[in-house]
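S.K.: sequence? don't have it. structure:
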């Protein structure tokens, strides 16, 4: 009945992929293609994204801490030959981490055996997550960005800026200049040093003000941790594409005046009114796909719709095109499935035995 | 401001405890005391139990599979000296596993650093979970069971039966006989062999019918995977204590006629009407604590209430006393915190570096 039936066993093995292993695998696969495949499956209803587990607390310094446990599956299809992946991303954060020299967020991602449901892969999550975020940005830029661009603006110079810089070097070889801004000038400096150290082919120009950085190119990628908008329509050049990755950088007026607006999943955004676009949708100041009202911006659709050809890809003309991806754990699960396949083929990773001497 | 501030570091370490390591630690700590501490914290409102993440699917044999991601914290107290533990239990299952020689459920549990939120402990979850379940049963038996008993009935002879047998040997040395039943006779046989192999001080008597096993002693512990009740009041001797661990073994009439009924958390049970007591509470056939109606059974309170002296502990007289614990992931988190403290003190476990050569 099944091609996956394991022989009776009392072994319980988990393949552990640390960040270096994940990085080694990702260097040999195409994360943009992996993300686009999952977006297609999501659009076709072949993903599951259950409500996430959420545990918030305050640490002894009073800083906000949280754990997010996000289950997801890709490809649970009518087609029995379609690849399936079940997994979870556990990603925790404390706002006090960066001041102590640590990335704000960190955690682990899992894949589960589709037949036994056992966890079979354990991987460092933050790098993988940043890679899928950057891969989504690259896909959106490829399909919805300016036809030609040689300069890109990154607002926020943390871990996400680093993976975005790596991805830009890989996907858009014409880009030669990065305009950057960070509220902490030393973080912008450290980013500049890192670009040189990695040998990435970019001249990095630091800007003291975010608006100045935004106005310096026609591709603006927000990678901050802000919860307060700061970019006005006048800060952006006509013909700009904004990848609004950090979700709270654009002021409502940018959405009002957007030439076109795309999302990853309209429901996820509507369900989260803490973020600006969710709030505007709940207020009726921005409309979901399929509804119109004179003078009001309507979300065109999802990037998955664009990839499927179901919604036209509108690149920036004289106006601003905004991509506003909420972020979906199924992208991590789908990308990890590709990483796992590569790791298995190449013998990358360490096998942990969950039972130890018990077996 | 804090006693926990770590020095700036880019290391990301996780202490891995396989089942053998967890077992070694548990041999040196008192899981019943650990569980009773958490029950006290829970009663005092010093725990958090967010909604669990739940991903169900069918495998290629059509068997039900699921992943449960249960976050929880213990001791988030006004008292800054109170120990705190934040964590998660990821426990997955496939109903087709036992037929392939695998325990139905398996997974991993985590502890998070209270200051940085980073996962710091990764432990095999199924053994720990079975131990906390057995520890809860031992506590309920100590406080609500018959004053004296030398024979115990275990219905269901899987992994839970093994940990219950170990716990009984440790906590109730007067017990000399186990009456057991399993729908699969070979599982009862395997359990009997295991008891001998482990050198546990029990005579094991196998019964062909569950009702026969239930009538054979005054302490009945249900450890099955049934979703259909089968035990009637007449199957149980007057003066019996039932630990209704598997939650769907008792028929409604047992609750109707119970001398006393205790739970772990009334809300968890009410919110889950798929289980018999949840259904009876939702129907008004059993009443929550604090309400009464002639001829209708009222839940006395929680085991935590009993431990705190807030609710009388009523042991079986001529009737039946039922303990119906839904199961709380905070107990796993609290128990894992004790295991972690012991592992650290004794140098048990393996350190995994999440970053690998990246650091």
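M.R.: Sure, I can see it. Bear in mind that the values here come from a model prediction, so they are computed numbers and not experimental data. Numbering: from 1, shown residues only, chains lettered A, B, ... in the order given.
S.K.: A helix includes residue A:32, no?
M.R.: Yes: assignment of residue A:32 by DSSP: H, G, I helix; E, B strand; the rest coil places it within a helix.
S.K.: top helix in chain A by residue count?
M.R.: Ranked by number of residues, the top helix in chain A under DSSP state H is helix A:125-144.
S.K.: Any buried residues in it, and which?
M.R.: A:125-141, A:143-144 (16 or more other CB atoms under 10 Å in any protein chain shown). C-beta here means a position set from N, CA and C on the backbone, and glycine is covered the same way.
S.K.: Show the pLDDT at the residue in the stretch 51-200 of chain A that chain B sits nearest to.
M.R.: Using CB to the nearest CB, the single residue of the stretch 51-200 of chain A nearest to chain B is residue A:101, 3.3 Å away. Residue A:101 is assigned a predicted lDDT (pLDDT) of 85.
S.K.: and what of residue A:339?
M.R.: You'll see residue A:339 listed with a pLDDT of 97.
S.K.: ok so, going back, how far does the longest helix of chain A sit from its chain's centre?
M.R.: Computed by CA atoms, centre = their mean, to the nearest Å, the chain-centroid distance of helix A:125-144 equals 5 Å.
S.K.: C-terminal to it, what's the next element?
M.R.: Elements were assigned by DSSP states H and E; along the chain past helix A:125-144, the next helix or strand is strand A:151-155.
S.K.: For the closest residue to residue A:71 other than its chain neighbours, which residues count as its bridge partners?
M.R.: The shortest distance from residue A:71 to any non-neighbouring residue, by CB to CB, 6 or more residues apart in numbering or on different chains, is to residue B:55 (4.0 Å). On the basis of DSSP bridges, residue B:55 is bridged to residue B:67.
S.K.: Can you verify my assumption that residue B:55 contacts residue A:73?
M.R.: Yes: the pair residue B:55 and residue A:73 qualifies as a contact (CB atoms under 8 Å) at a distance of 6.3 Å.
S.K.: Of these two, which one has the most company?
M.R.: Taking other CB atoms under 10 Å in any protein chain shown, residue B:55 and residue A:73 do not tie; residue A:73 has more neighbours (26 against 23).
S.K.: as a whole number, average confidence for the host helix or strand of that one?
M.R.: Element membership for residue A:73 (DSSP H and E) is strand A:64-74. Mean pLDDT, computed over strand A:64-74, is 96.
S.K.: I'd like to check the angle between that strand and strand B:64-74, please.
M.R.: Angle of strand A:64-74 versus strand B:64-74, following axes from the mean of the first three to the mean of the last three CA atoms, to 10 degrees, is 180 degrees.
S.K.: Packing partners of strand A:64-74?
M.R.: Packed against strand A:64-74 by the contact rule (3 or more CB pairs under 8 Å, 6 or more residues apart in numbering or on different chains; DSSP states H and E) you find helix A:31-43, strand A:47-48, strand A:53-58, strand A:85-94, helix A:329-346, strand B:53-58, strand B:64-74, strand B:85-94.
S.K.: can I get those in JSON lines with distance to residue B:242?
M.R.: Below are these laid out as JSON lines (distance: least, CB to CB, whole Å):
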{"stretch": "helix A:31-43", "distance to residue B:242": "47"}
{"stretch": "strand A:47-48", "distance to residue B:242": "37"}
{"stretch": "strand A:53-58", "distance to residue B:242": "32"}
{"stretch": "strand A:85-94", "distance to residue B:242": "35"}
{"stretch": "helix A:329-346", "distance to residue B:242": "41"}
{"stretch": "strand B:53-58", "distance to residue B:242": "28"}
{"stretch": "strand B:64-74", "distance to residue B:242": "25"}
{"stretch": "strand B:85-94", "distance to residue B:242": "24"}
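S.K.: right, and these - which one's nearest residue A:229?
M.R.: strand A:85-94 (21.0 Å; CB to CB).
S.K.: Parallel or antiparallel, which strands does that closest one pair with?
M.R.: In the sheet, strand A:85-94 lines up against strand A:64-74 (antiparallel), strand A:105-112 (antiparallel) (DSSP bridges).
S.K.: what's the closest of the ones you listed to residue A:264?
M.R.: Nearest of the strands paired with strand A:85-94 to residue A:264, taken as CB to CB: strand A:64-74 at 13.1 Å.
S.K.: Which residues does stretch A:121-130 contact?
M.R.: Stretch A:121-130 has contacts (CB atoms under 8 Å, 6 or more residues apart in numbering or on different chains) with A:14-19, A:21-23, A:26, A:87, A:89-91, A:103, A:105-111, A:159-160, A:162-163, A:332, A:335-336, A:339-340, A:352, B:12, B:108, B:122, B:354-356, B:358.
S.K.: let's go with 7 Å and repeat that
M.R.: Residues from elsewhere that reach stretch A:121-130 (CB atoms under 7 Å, 6 or more residues apart in numbering or on different chains): A:14-19, A:22-23, A:89-91, A:103, A:105-111, A:159-160, A:163, A:332, A:335-336, A:339-340, B:354-355.
S.K.: How many residues are close by the residue in the stretch 251-359 of chain A positioned nearest to chain B?
M.R.: Closest to chain B within the stretch 251-359 of chain A is residue A:356: 3.2 Å, counting by CB to the nearest CB. Around residue A:356 there are 20 other residues, counting by other CB under 10 Å.
S.K.: Quick check on it: phi, psi?
M.R.: As for residue A:356, its main-chain torsions (degrees, to the nearest 10) stand at phi 60, psi -140.
S.K.: ok, it - contacts?
M.R.: B:18, B:19, B:20, B:21.
S.K.: these two touch, right, residue A:238 and residue A:318?
M.R.: Yes: contact criterion CB atoms under 7 Å: residue A:238 and residue A:318 qualify, at 4.8 Å.
S.K.: Same drill for the two, tell me which one is more crowded.
M.R.: Remark: of residue A:238 and residue A:318, residue A:238 carries more neighbours, 12 against 7, as counted by other CB under 10 Å.
S.K.: which SSE is that one in?
M.R.: Secondary structure assignment for residue A:238, by DSSP H and E: no helix or strand.
S.K.: roughly how far apart are it and residue B:285?
M.R.: From residue A:238 across to residue B:285, the span is 69 Å (CB to CB, to the nearest Å).
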